[in-house]
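Colleague: Sequence and computational prediction follow.
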Amino acid sequence: MHLSNDLRDQLKTPLGNLIRDNDPNKENIIKKNSTESIIITVGDRTTENLLQLGIKPQIQIVDGLEKRSKRVVPTDDKTNTKLFCKNPPGEITAESMKVIQEAFSTEPPVRILVDGEEDLLVIPVCIYAPENAVVMYGQPNEGLVIVTVTPEIRAKVQKILDAMN
């Protein structure tokens, strides 16, 4: 499934609450949102930032890139289950959707290593995550987006997925 230009513009609007990079309360907001929920991170920097705060996301989706430059997200131990998928930029593959579904039935923590780009995988994550799970991802050059999975969010992302061709 490919992302059209119309959908690309639509996705520039955060799916949840945007916490600006320069917000002095950013750390407290992140910790407050991660106390009692399943946490899923999409993105290398987002995953690394949460690990540095002592928060271990149950599912971590990374591609080893940040703004197209190579980077390595440290893992805090060797017990992570690692899953792999291919997902080219601007697409959501059936393989990546299957791996995300598998991650939700695997003992956490799970790290999904994406060959390609993980940005759009926020969409299937919001579809397959349990209700009230918290999905965190970076909004380029702006900050962190925190999305609580609700039926309304699921319907919104399903509509986006359905519009992809």
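Modeller: Looks like it arrived, so ask away.
Colleague: Tell me the secondary structure of Ile19, please.
Modeller: The three-state assignment at Ile19 reads strand, by DSSP: H, G, I helix; E, B strand; the rest coil.
Colleague: That one and Ile30 touch, don't they?
Modeller: Yes - at 7.3 Å, Ile19 and Ile30 qualify as touching, with contact defined as C-beta atoms under 8 Å. Just so you know, the C-beta spots here come from the backbone N, C-alpha and C atoms, and that holds for glycine as well.
Colleague: between these two, what contacts are shared?
Modeller: Common neighbours of Ile19 and Ile30, using C-beta atoms under 8 Å, 6 or more residues apart in numbering, are Leu144, Ile146.
Colleague: measure stretch 141-153 end to end?
Modeller: This stretch, stretch 141-153, spans 23 Å end to end (C-alpha to C-alpha, to the nearest Å).
Colleague: Please work out the average pLDDT along it.
Modeller: Here stretch 141-153 scores 94 as its mean pLDDT.
Colleague: do you know how far the closest residue to Ile100 other than its chain neighbours is from Ile19?
Modeller: Computed as C-beta to C-beta, 6 or more residues apart in numbering, the closest residue to Ile100 that is not its neighbour in sequence is Pro124, at 5.0 Å. Per C-beta to C-beta, to the nearest Å, Pro124 is found 23 Å from Ile19.
Colleague: and the longest helix anywhere in the chain, how far out from the chain's middle?
Modeller: Using DSSP state H, we find that the single longest helix of the chain is helix 151-163. Put simply, helix 151-163 sits 15 Å off its chain's centre (C-alpha atoms, centre = their mean, to the nearest Å).
Colleague: Not counting it itself, show me its contacts.
Modeller: For helix 151-163, using C-beta under 8 Å, 6+ apart, the contacting residues are 1, 4, 6-7, 10-11, 15-16, 92, 122-124, 126-127, 131, 147.
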